[in-house]
Structure formats: structure tokens, C-alpha cells
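1. okay, here's the prediction I keep looking at, along with the sequence it came from:
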Amino acid sequence: MRDAVSGDVPRLRIARIDPAAETRAYTEHVLATAGANLDAQGRALLEEDLRSPCTEEIAVFQAFARVVQEGRDGFVVIDTAPTGHTLLLLDAAQAYHREVARTRGALPEAVRMLLPRLRDPDFTRVLIVTLAEATPVHEAAHLQADLRRAGIEAYAWIINQTLVGRRVTDPVLRSRQRSERRYLEEVEREHARRLVVLPWTATNGRRQATQAEVARSSTP
């Protein structure tokens, strides 16, 4: 896991899980522990087994567990997407347990407590951030269903970058606004226990152009 210290916010640390680095470190650890007393043939078999895709999932799972564990001593914000490793992290628990049983390794506290911590609403709060559009809303709903099957309940939904609530007169923007309102109402009615709606704001170059369009088409 790579760390960087933010110069703008005191005591803020930014970290990123590097799957390749975590896999190397995990492989070296298994070879140094479970493989320490193996003969040449046994070690070769272990090395071959560690080259499977499952090894990367287990390594990233451990790193994720360590990040979550840091929530005991401070606030941890994990920004991730509902695809790829995000959902594999939950599925990898079973693969990891099988690996531990095979190698007779010790189960780290961070891994042992990961799912209980994620399921504890007093320890973890999951915020689903999406756009008021068909595909993002429905993908987010599928994610929420997957989380519920894992015993994890989303705390709130955040609808980002919406024109709903803005005063616009441009026909294209008004059409988009009507479409967004439909999906915003769907989220409020069917999916979200708590809902936060964030309008478009001029925060960077890419958004300023759209914000300028809104400003030109808005009435005072």
C-alpha cells in the first residue's frame, strides 16, 4: 500500500492499494513461512499455486482489511467502485480462509474482523455515490443488493452533479433535468434510506463549461 501525506490538510494521509506490490509481498510471506520447511518439490508446487489469480485477490483482501482496521484509531474514507476488486474483496474471504487452512497460516486480526467491522453500522457507513441517470442508478442498486447479501447495509445515497433544483431555460438542459428528476425520485422511493443531492458546481475546468451553460440559460 502506497502512502502520501497531503500538504493541504493537516494529519490527512492518502493511501492506495497496489495489487502488484501486495501480491509480491504476500507471496514472499507465504514462501518464507509455509514454504520454509518444504523440500524442493513441495516448494515448487507452492510457488506454482501462488501464481494463480486467487493469490492477488487474497493479497488485496488482506491490504483492504488492514485499511479498514485503521478505523479503530481514526476516520478512514475508502473511495472505490462497484466493480472489479470491490466485490471480489468480499468473495475473497472464502478463498483466503481456504488458503489459510491449506498453508496452516495464522489468521490476522484485521482479516478475522473485516466482515464483522463492515457489517457493524457503528463502525462502518457505506455511502453510495451515483448520478441521476439510468445506468448509474441501476448499477448502484445492484451493488446495494450485493452488499445486503453480504450483511452490509448502505447508510445513504449521494446523487452527484444533478441539474434538479437548478433554474434552467435551455431546452436541452430542461430535458436532461426532467430525466434526472425521474431517477432521483426512483432512488428516493425505492432505494435510499437517506439521500443527499448535490447540484452541478464549477470546481474544475471540465465542469466549468457545463456550469457556464447553466448560467447562460438561467433566469435571475
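-> Cool, the structure landed.

2. in the lengthiest strand in the chain, what's buried?
-> Using DSSP state E to define each element, the chain has its longest strand at strand 154-162. Of the residues in strand 154-162, 154, 157, 158, 159, 161, 162 count as buried by neighbour count, 16 or more other C-beta atoms under 10 Å. Backbone N, C-alpha and C define where each C-beta goes, glycine included.

3. who's in contact with the fourth one?
-> Contact partners of residue 159, counting by C-beta atoms under 8 Å, 6 or more residues apart in numbering, are 130, 131, 132, 184, 187, 195, 196, 197, 198.

4. centroid residue for this protein?
-> residue 80 (2.7 Å; C-alpha atoms, centre = their mean).

5. tell me the secondary structure at it.
-> What DSSP: H, G, I helix; E, B strand; the rest coil gives for residue 80 is coil.

6. next, count neighbours for residue 183.
-> Counted by other C-beta atoms under 10 Å, the residues lying close to residue 183 total 21.

7. same thing with the one 5 residues further on?
-> As a burial measure, the neighbour count of residue 188 was computed by other C-beta under 10 Å and equals 14.

8. that one against residue 195, yeah?
-> Yes: using C-beta atoms under 8 Å, residue 188 is in contact with residue 195, at 5.4 Å.

9. overlap of the contact sets of the two?
-> Listed as contacting both residue 188 and residue 195 by C-beta under 8 Å, 6+ apart is no residue at all.

10. show me where the chain has strands.
-> 2-5, 13-16, 126-131, 154-162, 195-199.

11. among those, where is the model least confident on average?
-> Of all these, mean pLDDT reaches its minimum on strand 2-5 (a mean of 57).

12. list just the nearest of the contacts of residue 159 to residue 74.
-> Distance to residue 74, by C-beta to C-beta, is smallest for residue 196 among the contacts of residue 159, at 23.0 Å.

13. ok, residue 113 - contacts?
-> Residues in contact with residue 113 (C-beta under 8 Å, 6+ apart) are 65, 69.

14. where does it land on pLDDT?
-> pLDDT at residue 113 comes out at 84.

15. roughly how far apart are it and residue 107?
-> Residue 113 is 10 Å from residue 107, where distance means C-beta to C-beta, to the nearest Å.

16. can you check residue 170 too?
-> 58 Å.

17. quick check: domain ranges of the chain?
-> 1-124, 125-220 (automatic domain parsing).

18. I'd like the buried residues of strand 154-162 laid out as a markdown table, including distance to residue 61.
-> What follows is the buried residues of strand 154-162, written out as a markdown table (distance: C-beta to C-beta, whole Å):
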| residue | distance to residue 61 |
| --- | --- |
| 154 | 21 |
| 157 | 26 |
| 158 | 26 |
| 159 | 30 |
| 161 | 32 |
| 162 | 35 |
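
19. quick check, nearest of the residues you listed to residue 15?
-> For the buried residues of strand 154-162, the residue nearest residue 15 by C-beta to C-beta is residue 158; the value is 22.1 Å.
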